[in-house]
Each structure stands twice: as C-alpha cells, then as structure tokens.
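Chemist: need a 3D model of the following:
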Amino acid sequence: MAMEVTQVLLNAQSIDGTVRKHAEESLKQFQEQNLPSFLLSLSGELANDEKPVDSRKLAGLILKNALDAKEQHRKFELVQRWLSLDANVKTQIKASLLKTLTSPVPDARSTASQVIAKIAGIELPQKHWPELIGSLLSNIHQLPAHVKQATLETLGYLCEEVSPDVVDQDHVNKILTAVVQGMNASEGNNDVRLAATRALYNALGFAHANFNNDMERDYIMRVVCEATQSPEVKIRQASFECLVSISSTYYDKLAPYMQDIYNITAKAVREDEEPVALQAIEFWSSICDEEIDILEEYAGDFTADSDVPCFYFIKQALPALVPMLLETLLKQEEEQDQDEGAWNIAMAGGTCLGLVARTVGDDIVPLVIPFIEENIAKPDWRQREAATYAFGSILEGPSPDKLLHIVNVALSFMLSALTKDPNNHVKDTTAWTLGRIFEFLHGSTMDTPIITQANCQQIITVLLQSMKDTPNVAEKACGALYFLSQGYEDVGPSSPLTPFFQEIVQSLLTVTHREDSGESRLRTAAYETLNEVVRCSTDETAPMVLQLVPVIMMELHKTLEGQKLSSDEREKQSELQGLLCGCLQVIIQKLGSSEPTKYVFMQYADQIMGLFLRVFACRSATVHEEAMLAIGALAYATGPDFAKYMPEFYKYLEMGLQNFEEYQVCAVTVGVVGDICRALEEKILPYCDGIMTQLLKDLSSNQLHRSVKPPIFSCFGDIALAIGENFEKYLMYAMPMLQSAADLSAHTSGADDDMTEYTNSLRNGILEAYSGIFQGFKNSPKTQLLIPYAPHILQFVDSIYMEKDMDEVVMKTAIGLLGDLADTLGNNAGSLIQQSLSSKDFLNECLSSEDHMIKESAEWAKLAISHHHIRQLKLSAFKLSLTLASAPWGRVVGSWRKLGSGSIPEVGQGLQTSRKSSLKKKKKTKIVVGHGGFKCGSKGGRYKFDMLITLTSPVSLAVCWLLGMT
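Modeler: Reported below is the predicted structural model:
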C-alpha cells in the first residue's frame, strides 16, 4: 500500500466520483489497519520533491487532520493517539517534516509548517521535542531565502498553537529576534519579510517581558511602523494587523508612539489600498474597545493602585481623528446594502465613529454636527447617506440631554427622507438611524419623550409604509419598530401603540408573506419584531393577541403538509417552522402570564402541543430547539395539566438530552426539563429514572460541549425540588458527581477571563443542585441521608469564598445554600457550620453587600442558622423561590444594528439560563484566528479577536476533560 500511496492520493482528488470514493475508502482502510505506516507514508510523500504537488499537499492535509479536530472530544482522542505512537515512528515523521521546510515547492513547505506546529502544540506541553525551536532557529541563517521564509512561517504557526508558558524566555527572545530581523527593511526578500510580519502577529502574546523593556519595545515598534511603509501591500496590511494586536495586548505601553501611529494610520486611511486602510481604522477601533472596557470597569475612578490606567488616547486624538473618520463615510460602495457580508472603508469608519462616541461621550457631538448639517440635504446621495450614517453612529455614548434637541429637529426630516428620498442607500441608513434613536433615546427612563401624541401616528405610518420597500429597507424598518415597541415595555396599563396594534400586526404578517422575504433576512426580522410587539403589549390588546394564536397555528400547520421538497426548500421550511415556534412561545408566555387570558388560551393547548410534536418529526436542529423552548413555555402555562402530554413527548425530551452534536438543543432541553419539573412537581416521578440516567450520561461524556454541564447540575436541583425525598435513589450517583465538579471548580487561580466566567457558571450550577436537593428533603424523615455530604459542601463554599473570584450570582446562591443547609438539617447543622473556616466572614460580607438580592439571601441564611422563626420564614421564602424560579423569562434577543454590532439574532440564538438565577448578559463571543486580522459580519458587524490560552491544572485530567475545563 505504501508504494501506491501517490496514486491513491491523486485518485482521491479525481473528478470521477467512483474513482474518488474508492481512493478515499482505501486511505481510510490503510489508516485503520496500520496507523504508523499510514502516517509515515504521508510524511514521506510530503517530503519527496519528486512527487506531484497535488499528492504532497493532500498528504500534508491528511497528516494535519490526523493531529487536530474542531470538536474537543475528537481533538483529545487524536492527541492521545499521537502521544501513544512508537517514539521511532514519531521521530521519522518529524524529521521528514523538518526536511520539507527546505523544499523548493511553496505549497509543500507551507503545509509542513502547519503540521510541525500541530505536533509542537501536542508535544511541547509534555516536554517532548525540546530540540525543535533550536533546530528551527538554526534554519534562519540558511542561505536559500525560501528556507528562511518557511522557518519563519513555522515559528508563527507554532506561536499560534502553543501557550506562552510552554516556551522558556530564552527561546522567546531568540524567536522574537529572528522574527523582527526578518521584518527589517534591510531584508531584501518580500516573502521572508511577509512571513516574519505574520509570525510576529502570532508571537506578540509571548512578548510581555520584551515589551516591559524600553529598549526592546522601542526596537519592535520601530520595525513594525517601518513595515507599514513597505512597497508590498500584503506586508503593509500584516504590519497594521500587528499594530491592532499590540493596541489591545500592550495598550498601557503605547503612549510614546501614539503621535507616530496617528500619522501612519491617517496616511493609510486616506491614501492606501482598502485592505490596508481597513486595518488602519481597526487600530483606532481597538483603542476604543480598550478604553471603553477600562472606563466601564473603573467607572472613571482611577486611583494610584489601578491596574490599567486609562490614557485617554481617543480624547486626545479627537480633533484630528473625527474628521478623518467622517471622510471615510463618503467612500461607500454601490451595492453595499444588498450584500449581507459587505465590509468596506465607509462601514469600518462608521463603526469606529460609533466606538469613539461611546468612548468620549458628549465631546464628539460638536465635531460631528457640522458635517451632518453640511451634507444632509446635498444632491449627491453619498453625502446625504454619510451625514445620516454619522448621525446614527453617535447616538450611543453622548448623554440624552446633549442629543435630544438635535434628535427632535432631525426626526421629522428623517421620517420624510425614509419615504421620499430617491436613493435606496439613504433610505436604508435612515431606517437604521431611526432604530438607533428609538433604542437609545426612547423608553421609560427618558425624562423628555421624543415620541409624543403629536408624532406617534406619523412614525408608525412611515415605518409600516417602509416595510413595503425593498427588502434591505424593510428589514431596517422592522428593526426600528422593534425598538419603538421595546421602549413601551414598562409603560403601564395603557400603551400609545394600542390604537395601532392590529394594523402593526397585520403589516408584519404581510411582510412575512412577501415573495422576497428571504432576502436581507426580512422574514426573520418581521417575526422577531412581531414577537417584541406582542411581548411589550398591555392587557388592553390581549384579545387581539388571542386572535393571533389560530393564525400562527395555521401557518405552522401549512409547513407540515407532506409535499416533497428539495434540500434547499426543506432548509427554508425548517427556518420558517423555527420562526413560527418562536412566535408561539412568546404568545404562550404573554397569554399564560395572567389568569383571565390563560383560561381562554387553554382551549388551544392540545392543538398547539400536537403541532409541536409533529414539528419534532422534522428532525431539524433549529426547529427542534425552537419547539423545545415553546414547550417549556407551554409547560409553565398549563402547570400540572401538562402531565397528559408526557407519554408522547417524553421520547423527544430524551432525544434532545442525547443530542451531543447540536449541543444548543441539548442545553435547551435541559432547561425544559426544569420547566416541566416546576409544572408537574411529583407527577414527573415516572420519568425521572430515564431523565436522571441521561443527565448522568451527559455529564460523563467528553463529547458534550462544556457549556451544557452547569445547567445539568442545576437541573438536579429542579428534579429534587419536584420529587422531594424520592430523590433518595439518585443521591448515590448525583452526589459524587457534584463533589468531583466542586473540587474542580474551587481553585482557579491564574485562569483567564473566559475560564473564570465558565468556572463561576459551573459553581452556580453545583450550588443550585445542592440547594434544590436540601430544599427537596426539607421536613422529610430522610434528611439524615444528607448529613454525610454537608462537610464537603461547607468546604466547597469555604474554598470559593477564599478564592475571591466569584461573581454576584454565585455569591447569592452560595449564601442561600448555607441557609438551606441549616434549615433542612436543623440542629445537626450548627456544629458543622461552626467548624467552617469562613462561613461567618462570608455571611457578614453578604449582609453588608450593596446588592439587595445578596443581602436578602444573607438575611434569610442568618435567620436559618440562628434558628429564629425558621419554619414560618422558610415557608414564605420557599413559595417566593418557586414563583421566581418558574418565571417565564423567555428568550433574550440581541440588539439590531445596521453597522458595528451585527444584526438581529438568528433563530435559536435566544439565551437560556437557569430559571432560578437572574438573567446574565450574553458575553461577547471570542473567536480565535491566525494572522487573518479581523473579519466582518453581516451589515458591518465587527469582531474582536482574542488568543485562546489553554489552562493547565493539577486536578484530574479526566474530570477536567469531562467538564470542559481543559
């Protein structure tokens, strides 16, 4: 087989499907029968300069995929498989790869670079392959330029794969020296210089000691700034990407260089090619991100011991920076509003302008208003659109008082422009800007309303009219209506939107039936807006919401008719089913929240549940998730009566809990188990064996995403609360699992922000489980069964208190658990709590907390511990906790913004949290990339990239892996 590998690799790329399939099966068989020979054959193929380029590239790709995978469980398996290979085999493979770096074929060198880095990512943390970095550095001095280029590329990939703490400082210094020398203007080969610049981007996370040294930092900054002036556009782009990374990683070191950087970026924005100009703008956006984070964290109160002082770079640069950004707004592209993935200089400039407004607040307004006044009525559409975009971009940040007068003057002008301007781009941006006005300057917190009896009807008329416009304009009009409705959420018994409710709903339903509603995500926008209109409606419109139920049910019924569909049509049908299930969820929550409407609504419950069960037969992940969320709402609304649906629904519940691949479905299903427990209480008992078995399997799986595991622990508490002392049979399985997870999550010193956030989520799930179990056993003769577990629980609370990194949610749950433990165990708890190292200090700290929820929990715990009025107080607190626990929080829908913050969330992006804990803000997604700089999202969304740092811990690797802590 080894002799034939070349031809098999070429056949695997054949256009003939039969030949290709046979070759793929042969490769798979070879790998399964003799893995060492298979890997040796691939590395030999890659290293052999006499072989065809195509077979060498595929050999390298298969080799790389044999070392790494996106799925964490698969990656873990591949790492273990490589480590268990015979040492001689690994040595031969590594030698072949290093040899390939000298190949004259660029594709072979580049592939070998990536594979070497993957192996380094596995071996260096294990203290294997210690000679690698020295071997690579010796290549830097080789005469052929392509060897130097390949080595620098390898060092860059290596820095991307390996955690900084794995490489000693001496090697870091040598890597940085080689990389920075390769970037130097004296380097005559552009390929070498580009490889070095991209390598520096990945190596910056290793350079903390070097950036603390003034001389070394000056040298690195000088070389990076010089590289921004290279004649080669790719080198200029890569060097600006380095500046962007430096701005976030070493913000506090930038002061001496800011004037030079401003000059460099301003020149690039005004004169350079778009890829370079975009990175130059991104530098300032990154500085804004840093200063916004600092200002939010310290709330402007900087003392001598502040870790990260704010240098107010944006405020200082404001007089020059704002005019530069305003110029970019005039560089629009003709089709940018039709292209969902569009990202250009105008969009980047507007996004940056919005971040500047958030950073400096009121100071930006007088710098932007003259530009708006000068351009808003010009005959050239570019000037009108730029002025509108500038206005919309500065609405978040400045105080309402600073903006109200301008907004009141502009509102009627913009309403007119939305219907009368002849240009689609201007109307698109106008509708987006109106949405921003309603998002930030409209609502119950505003002292002076911008929407009055005098203009409310005109606003709604214009928005409904614009929903008939082209899809991109109509989608923005839906967004504006979304925020208009949201502003009336807390308006009281009567809403100004009530007279228009029927017309608004009908208009939105009409939009969903437009033939072009699949463009610009218009149908999704219309349904999400309909959901918000219903959610924020008052009791006055309840009869109209009730009339909506059969309409949406009929729409869902139509999608379930048995016509044959193509895969594309089936995907669109699944998307529509998801939207309709989401709409029914909101309606169920609205009508189920008050007794009169719930009573009338219940006539539809059987039919709705029947539709949901039919939807599950479609087996689409999105629909499954949305239908599951809606069933959770239905369980809350129907209460104990939901038991009649369980025999047929249970198999789908189990299916959801087994769905490891689409872990969001699994997470939602876990939340719905909690909903059903609260609805059915002891009636859930016949299904508990199956549910608990599956939940324990989920926790034991290394395939399930770690984010699902905290809610599973919390679900143990929901089940225990529902079935009380009947939970006894599960204690022997659940408690050891909780104890292992508690030990794991107790100590997290040195963890990064992501890991700390996940650890707190895990702690909260564990604490909620314990709390539910203790509450469930309250007043049972079997409370004695819990006594053996109490010391470990108190030790867990001690340890997380000592760590001093728990968030407010964990603090509230932990102090509440102390009270539950004392209340349930009664006299048995006193001596145990007295032995606790920090219970008293923890309690006193919570009693003096400014967070009223923590304080209330602490007061209850104090009373429970001191045995005063326990029974009466616990009864009322328990009822209150049940009421709060079952509150129909519904989905959390993100903000709609045309530019800078993405658009309306896709179906299924609702945030599920434990019903027992307060809703937490959804954290910004972190994306790990190589030297790609940044990527744009739909309608100018912009993502900030962060390095992924692997946390190593002395705790059991197996438990770490199962809980996603590695």
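
Chemist: please give me every residue in contact with Leu42.
Modeler: The contact partners of Leu42, taken as Cβ atoms under 8 Å, 6 or more residues apart in numbering, are Val5, Ala59, Gly60, Ile62, Leu63, Ala66. Yep, even glycine has a C-beta here, placed from its N, CA and C like the rest.

Chemist: ok, 6 Å please
Modeler: Leu42 sits next to Ala59, Ile62, Leu63 when contact means Cβ atoms under 6 Å, 6 or more residues apart in numbering.

Chemist: next secondary structure after the helix or strand containing the first one?
Modeler: Mapping Ala59 onto the secondary structure by DSSP states H and E places it in helix 53-65. The element immediately downstream of helix 53-65 (helix or strand, assigned by DSSP H and E) is helix 72-83.

Chemist: enumerate the positions of the helix or strand just after that following helix that are buried.
Modeler: Scanning the chain past helix 72-83 towards its C-terminal end, the next helix or strand to appear is helix 87-100 (assignment: DSSP H and E). Of the residues in helix 87-100, those buried by neighbour count under the rule 16 or more other Cβ atoms under 10 Å are Lys90, Gln92, Ile93, Lys94, Ser96, Leu97, Leu98, Lys99, Thr100.

Chemist: thought Ser43 was touching the third one, still the case?
Modeler: Right, the one you point to is Ile93. Yes: checked against Cβ atoms under 6 Å, the pair Ile93 and Ser43 is within contact range at 4.4 Å.

Chemist: can you show me the helices along the stretch 501-650 of the chain?
Modeler: Secondary structure of the stretch 501-650 of the chain (DSSP state H, counting those that start in this stretch): helices at 501-512, 522-535, 542-559, 567-592, 595-601, 605-616, 621-638, 646-657.

Chemist: and the fifth one, what does it pack against?
Modeler: The one in question is helix 595-601. Using 3 or more Cβ pairs under 6 Å, 6 or more residues apart in numbering; DSSP states H and E as the contact criterion, the elements in contact with helix 595-601 are helix 567-592.

Chemist: show me what contacts Tyr527?
Modeler: Going by Cβ under 6 Å, 6+ apart, the list of residues near Tyr527 reads Leu579, Cys583.

Chemist: if you set the cut-off to 8 Å instead, what comes out?
Modeler: By Cβ under 8 Å, 6+ apart, Tyr527 lies in contact with Leu508, Thr512, Leu579, Leu580, Gly582, Cys583.

Chemist: same thing with Gly830?
Modeler: Gly830 sits next to Ala822, Ile865 when contact means Cβ under 8 Å, 6+ apart.

Chemist: what's the following helix or strand after the one helix or strand it maps to?
Modeler: Remark: Gly830 resides in helix 827-835, with elements defined by DSSP H and E. Using DSSP H and E, the helix or strand that follows helix 827-835 towards the C-terminus is helix 839-847.

Chemist: got the angle between that next one and helix 827-835?
Modeler: Between the direction of helix 839-847 and that of helix 827-835, the angle (axes from the mean of the first three to the mean of the last three Cα atoms, to 10 degrees) works out to 90 degrees.

Chemist: may I see the buried residues of the next helix or strand after helix 839-847?
Modeler: Scanning the chain past helix 839-847 towards its C-terminal end, the next helix or strand to appear is helix 852-866 (assignment: DSSP H and E). Counting neighbours by 16+ other Cβ under 10 Å, one finds that the buried residues in helix 852-866 are Ile854, Lys855, Glu856, Ser857, Ala858, Glu859, Trp860, Ala861, Lys862, Leu863, Ala864, Ile865.

Chemist: so what's the gap between helix 852-866 and the chain middle?
Modeler: For helix 852-866, the separation from the chain centroid amounts to 34 Å (computed by Cα atoms, centre = their mean, to the nearest Å).

Chemist: on that earlier part again, need the contacts of Tyr527 in JSON lines with neighbour count and pLDDT, can you?
Modeler: Shown next, in JSON lines, are the contacts of Tyr527 (neighbours: other Cβ atoms under 10 Å; pLDDT from 0 to 100):
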{"residue": "Leu508", "neighbour count": "21", "pLDDT": "97"}
{"residue": "Thr512", "neighbour count": "19", "pLDDT": "96"}
{"residue": "Leu579", "neighbour count": "26", "pLDDT": "95"}
{"residue": "Leu580", "neighbour count": "27", "pLDDT": "96"}
{"residue": "Gly582", "neighbour count": "27", "pLDDT": "95"}
{"residue": "Cys583", "neighbour count": "24", "pLDDT": "96"}
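
Chemist: what's the burial count for Gly487?
Modeler: Gly487 is flanked by 24 other residues according to other Cβ atoms under 10 Å.

Chemist: and the pLDDT for Leu948?
Modeler: If you check Leu948, the pLDDT there is 30.

Chemist: returning to that earlier point: kindly export the helix holding Ala59 (C-alpha atoms) in PDB.
Modeler: Output in PDB follows, covering the C-alpha atoms of helix 53-65 (Å, rounded to 0.1, in the frame of the first residue of the first chain):
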ATOM      1  CA  VAL A  53       2.500  18.800  -5.800                       C
ATOM      2  CA  ASP A  54      -1.200  17.700  -5.500                       C
ATOM      3  CA  SER A  55      -0.400  14.400  -3.800                       C
ATOM      4  CA  ARG A  56       2.100  16.100  -1.500                       C
ATOM      5  CA  LYS A  57      -0.500  18.800  -0.500                       C
ATOM      6  CA  LEU A  58      -3.200  16.200   0.300                       C
ATOM      7  CA  ALA A  59      -0.700  14.100   2.200                       C
ATOM      8  CA  GLY A  60       0.100  17.000   4.400                       C
ATOM      9  CA  LEU A  61      -3.600  17.900   4.900                       C
ATOM     10  CA  ILE A  62      -4.500  14.400   5.900                       C
ATOM     11  CA  LEU A  63      -1.500  14.300   8.300                       C
ATOM     12  CA  LYS A  64      -2.600  17.600   9.900                       C
ATOM     13  CA  ASN A  65      -6.200  16.300  10.300                       C
END
